[in-house]
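J.: following is a predicted model, sequence given first.
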Amino acid sequence: MTEKTAHQAATVPSDHIMGVYNRAPLAFERGEGARLFTTDGQDYLDCMAGIAVNALGHAHPRLVQAVKDQAEKLWHVSNVFKIPGQEKLAKVLTDLTGLDEVFFTNSGTEAVECAIKAARKYHWAKGNAERIDIIGFEGSFHGRTLAAVNASGNAAYLEGFGPRMPGFVQLPFGDMDALKAAVGPTTAAVIIEPVQGEGGARALTEQQLQDLRKICDDAGVLLILDEIQCGLGRTGKLFAWTWAEGVKPDIVALAKALGGGFPVGACVTSAEAGSGMTVGSHGSTYGGNPLAMAVGLAAMEELSKPELMDHVRELAGYFTQQFNGLKDRYPDIVLDIRGKGLLIGLKLATNNREFMQHARDEHLLLAGGGDNCVRLLPPLNLTLEEAREAVEKLERACERARQKAKAAA
């Protein structure tokens, strides 16, 4: 078969959408808080939150109003001109992180891409062009651009996209001895999620975060923290690294909750780490557009409220207690409880994809995860009553999984 005939023989999807998603057979027409409503009127308790994106739930009135107000004024002008909203949101983010500069993006993977470029450019500008290596960790997920998937090193995401890029190294998650041995004269930066999301909801300890910072300092290497999923309140503090005393990154990548569902991301750097990023070294057509900045400002006003962080910690304590009880009652289904705050992972004995369907049968939406986990990523403003409902639905899903296993035995 020639290349031309092979191309002609390809099957076109009936919906004309590129076939890269394995979608659940559900379609939603509206959302309200922690609820999603299907086109045929059924409601689901949403403990996915768009994969930790809808941190304030669906149709939050403050965000809706921000979109309406800005949409009637100005959507896009490009970065050829000053955008006052960027300066306002940058001030918010630098005040909260203790860092100095922001590059706005449309997504998390673009924020990671900027972080990698900034790290390499920093060393190049200092006369150390050999420092290009980015050390990451197995189980990580940093996005889908070629640089981001190479930083993650997940073979399934790299297959078919050409040879591995040079300058990317992966180590066992949290192995500080391996990191000490790997850091060398060609290392530019270390990139890590303080709490892994897709990798199975594994969290670094406070000691590991402190060790990580010291190793980077001793070697003159930049520390990039990917807080795209675990940041902005998800762990019960605005930034996950702040659980560890004395730790601050040189660069942090943010997105997801930053727009509360509207596409916006940010790469935030110290003045030193960002010093190589001079005029013309990077850019974005849409990044930091007025509409995104208006929503980002509104989202940050809500997310940075201390009472919301208190609520997240209260819910996290409740879920931890309840899920440990669930593990005791269903040891044949739930093997381990992982994560931090409201980034919760349940490692399962049964197939996690099948379990997600059991949960959907109970009108509960969960996210998948590596190492055969399911993740609960509910809105941060989930009520305690809704949390109780989630636990009840999850218990019924465990019972469904147990009965299915018995029937198959």
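T.: The structure has been received and is ready for your questions.
J.: shaky segments in this protein?
T.: 1-8 (pLDDT under 70).
J.: where do the helices sit along it?
T.: Along the chain, counting by DSSP state H, helices occupy 3-8, 49-52, 61-71, 84-97, 108-125, 146-152, 155-158, 176-182, 206-219, 290-303, 306-329, 352-361, 384-408.
J.: list the buried ones in the fourth one?
T.: Translated: helix 84-97. G85, Q86, L89, A90, L93, T94, L96, T97 (16 or more other Cβ atoms under 10 Å). (Glycine included, C-beta is placed from N, CA and C.)
J.: residue contacts, P378?
T.: Contacts were defined as Cβ atoms under 8 Å, 6 or more residues apart in numbering; by that measure P378 touches A34, D46, C47, A49, L315, L342, E386, A387, A390.
J.: in contact with the first one: list those residues for me.
T.: Contact analysis of A34 by Cβ under 8 Å, 6+ apart lists L45, D46, C47, A49, G57, H58, P378, P379, L382, T383, E386.
J.: swap in V190?
T.: Under the criterion of Cβ under 8 Å, 6+ apart, the neighbours of V190 are I134, I135, G136, L179, V183, L212, I215, C216, V221, L222, L223, I224.
J.: which residue, neighbours along the chain excluded, lies closest to it?
T.: On the basis of Cβ to Cβ, 6 or more residues apart in numbering, the spatially nearest residue to V190 that is not a chain neighbour turns out to be I135, at 4.8 Å.
J.: quick revisit: which of the contacts of P378 lies closest to R202?
T.: Distance ranking of the contacts of P378 against R202, using Cβ to Cβ, places L342 first at 15.6 Å.
J.: is it true that that closest one touches R375?
T.: No - shown here, L342 and R375 do not form a contact pair, counting by Cβ atoms under 8 Å, at 10.0 Å.
J.: coming back round to it: in TSV: the contacts of V190, plus neighbour count and distance to R338.
T.: Formatted as TSV, these follow (neighbours: other Cβ atoms under 10 Å; distance: Cβ to Cβ, whole Å):
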residue	neighbour count	distance to R338
I134	26	26
I135	25	23
G136	24	20
L179	24	21
V183	19	27
L212	23	19
I215	18	24
C216	21	25
V221	23	28
L222	26	28
L223	23	23
I224	29	23
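J.: so which of those residues comes closest to G280?
T.: Taking the contacts of V190 together and measuring to G280 by Cβ to Cβ, the closest member is L222, at 21.6 Å.
J.: tell me the contacts of the closest one?
T.: Contact analysis of L222 by Cβ under 8 Å, 6+ apart lists A119, Y122, A188, A189, V190, C216, D250, I251, A273.
J.: go again with 7 Å.
T.: Contacts here follow Cβ atoms under 7 Å, 6 or more residues apart in numbering; on that basis L222 touches A119, Y122, A188, A189, C216, D250, I251, A273.
J.: how about K88?
T.: Under the criterion of Cβ under 7 Å, 6+ apart, the neighbours of K88 are L297.
J.: same check, this time on Q196
T.: By Cβ under 7 Å, 6+ apart, the contact list for Q196 reads G139, S140, F173, R202.
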